[in-house]
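> Need the 3D shape of this:
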Amino acid sequence: MAKTEIRGGDQIKNLTVLREDVVADWLGGANWDISGGADNATITGLAAGSADDDAATMAQLNALEAAIGNPMRYKGVIDVATPSPDLDAINNLAGDTYKVSVGGTYLGETWNVGDMLIVNKDVAAGTTITAADVDKIDNTESDDILREADVVDNLTSTGVTTAPLSANQGYVLDQKIQVLESNSYTFVPLASYAVTNNDPDIGVLANVPAAGREMVYLNGLRMLKGSGNDYTIAGTQISFEYSLHTNDQVAVEYYY
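Below you'll find the predicted structure:
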């Protein structure tokens with residue numbers, strides 16, 4: 001069968017070409033302008049696609065967008081100090097999302113680098129955008145955040161006196177307080193006793209001090225407890241390791 005050739009300025013009128021007879025190898029990878037150079041040319045009569053490889057109609061695309069709602073669309077970065085881009089000068093759609101590249105005060109809000117600005121409603125170009133038209137996602141770390149390294153797990157630490165204690169040390173402290181409360185100690189304030197002879201034994205305490213909870217002073221100096229030191233204690237009896245002198249002053253305070 002003879003082939004019909006169409007060249008340069010030829011026009012196709014009233015010609016039906018069977019699909020199986022169409023060969024489009026003349027394009028050579030170049031674009032094929034089917035609009036005739038007219039900017040307002042359209043293709044009509046496109047059927048609604050149903051198979052995976054069918055073309056979609058505009059109505060289908062609109063229905064898909066309506067079903068999705070207002071998806072977040074990343075529009076790039078924004079310098080809120082300038083601002084750039086100027087959202088007042090461009091069309092904004094709900095879901096337009098920007099990452100702050102230069103921080104500053106914008107729409108009455110403080111923005112830091114890394115924060116996200118999201119337009120929450122359609123705002124046409126030429127309309128002044130307001131604080132109510134955008135939402136902020138704060139992606140910056142607060143100075144008040146508590147880091148694990150800031151927590152102290154040692155009751156005796158003096159490195160940072162304002163650092164928070166760990167829960168473990170709170171438990172340890174609670175146990176110490178319970179021990180103190182369970183002992184029900186009573187404090188006997190400082191009282192002085194005059195030595196009337198050289199006897200090293202002072203047996204004037206009204207109560208037996210709790211172990212290690214007494215403080216003994218001789219002439220204003222605190223004495224050390226234990227054999228080989230200044231004094232020992234047994235019951236209410238305080239015995240100095242050396243003879244005292246008449247008119248020496250012994251002072252004692254203790255818990256019992």
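> now the helices: where do they sit in the chain?
With helices called from DSSP state H, the chain shows them at 58-68, 167-183.
> can I get the ones you listed in JSON lines with mean pLDDT?
Shown next, in JSON lines, are those (pLDDT from 0 to 100):
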{"stretch": "helix 58-68", "mean pLDDT": "80"}
{"stretch": "helix 167-183", "mean pLDDT": "76"}
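> Among these, which comes closest to Met223?
helix 167-183 (23.9 Å; Cβ to Cβ). For the C-beta atoms, the positions are set from N, CA and C on the backbone; glycine is no exception.
> ok now the closest one, how far from the chain's centre?
Here helix 167-183 is found 32 Å from its chain centre; the criterion is Cα atoms, centre = their mean, to the nearest Å.
> quick one on the thing from earlier: Throw the helices of the chain into JSON lines and include distance to Pro85 and mean neighbour count, thanks.
Converted to JSON lines, the helices of the chain look like this (distance: least, Cβ to Cβ, whole Å; neighbours: other Cβ atoms under 10 Å):
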{"stretch": "helix 58-68", "distance to Pro85": "23", "mean neighbour count": "10"}
{"stretch": "helix 167-183", "distance to Pro85": "49", "mean neighbour count": "11"}
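> Can you check which of the ones you listed gets nearest to Ser50?
Smallest distance to Ser50 across the helices of the chain (Cβ to Cβ): 9.9 Å, for helix 58-68.
> Show me what the closest one is packed up against.
Helix 58-68 sits against no helix or strand, with contacts defined as 3 or more Cβ pairs under 8 Å, 6 or more residues apart in numbering; DSSP states H and E.
> Export it to PDB, keeping only CA atoms.
The C-alpha coordinates for helix 58-68 follow below in PDB (Å, rounded to 0.1, in the frame of the first residue of the first chain):
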ATOM      1  CA  MET A  58      -8.400  18.000  35.000                       C
ATOM      2  CA  ALA A  59     -11.500  17.100  36.800                       C
ATOM      3  CA  GLN A  60      -9.800  14.000  38.300                       C
ATOM      4  CA  LEU A  61      -6.800  16.100  39.400                       C
ATOM      5  CA  ASN A  62      -9.100  18.600  41.000                       C
ATOM      6  CA  ALA A  63     -10.900  15.800  42.800                       C
ATOM      7  CA  LEU A  64      -7.600  14.400  44.000                       C
ATOM      8  CA  GLU A  65      -6.500  17.800  45.400                       C
ATOM      9  CA  ALA A  66      -9.900  18.200  47.200                       C
ATOM     10  CA  ALA A  67      -9.600  14.800  48.700                       C
ATOM     11  CA  ILE A  68      -6.100  15.500  50.000                       C
END
